[in-house]
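Peer 1: sequence first, then the predicted structure, then my questions.
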Amino acid sequence: MLESCQNAQERWGGVHLLIDRWLQERHELVEAFHSLDAMPEIDAGKRKELLKFCAILVDYVSAGHFEVYEQLTNEAKAFGDDRGLKLAEQIYPRIDVITEKALAFNDLCDHKSDCSNGEKVAAALKELGVLLHERFELEDCLIEVLHTAHKEEGAVENA
């Protein structure tokens, strides 16, 4: 998962400050995810790591929905990119499902709840890892189609 995150930064880093910041948040999310490892017990140290992961997770999915996706869609509209907009219409519903799962995981680990059932948290974390990997691939596809193509069009128009 970390390797695909680094590949995305290499491919799109520097293209747009918003995307750069978001991809950096993705990298932090992946690092926090890996720091949790398998957790048969939730001690105070693991709980702190878990809460840090959840904070990064919520920030990341929020930035996607309320900043990045909107920016990418607006850019596609500005370029009259019907193909890109249709792709977004197909991808966004799946990303929404993954977001709901991510927020449900956050709720499981909420400050007020007792998430001391390490097996339950570990199973939910494993499922979330698979979903995040899928989400990253979908997001990379959106960036590729809705942003990179427009960057190239803009470069041609400015030449």
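Peer 2: Everything's here; your move.
Peer 1: quick check: which ranges of the chain have low pLDDT?
Peer 2: 1-15, 38-42, 111-116, 147-159 (pLDDT under 70).
Peer 1: Leu131 and Glu49: what is the separation?
Peer 2: According to Cβ to Cβ, to the nearest Å, Leu131 stands 20 Å off from Glu49. All C-beta spots, glycine's among them, are computed from the backbone N, C-alpha and C.
Peer 1: kindly report the same for Val58.
Peer 2: Counting by Cβ to Cβ, the gap from Val58 to Glu49 is 15 Å.
Peer 1: now Pro93
Peer 2: Distance, Pro93 to Glu49, by Cβ to Cβ: 32 Å.
Peer 1: got the phi and psi for Phe79?
Peer 2: phi -90, psi 0 (degrees, to the nearest 10).
Peer 1: count the neighbours of it for me.
Peer 2: Look at Phe79: counted by other Cβ atoms under 10 Å, it has 16 neighbours.
Peer 1: begin at 40 from now on, thanks
Peer 2: New numbering, starting at 40: the last item is Phe118.
Peer 1: give me the distance between Ala83 and Leu89.
Peer 2: Taking Cβ to Cβ, one finds Ala83 at 11 Å from Leu89.
Peer 1: which one of those two has more residues nearby?
Peer 2: The residue with more neighbours, out of Ala83 and Leu89, is Leu89; 22 against 7, by other Cβ under 10 Å.
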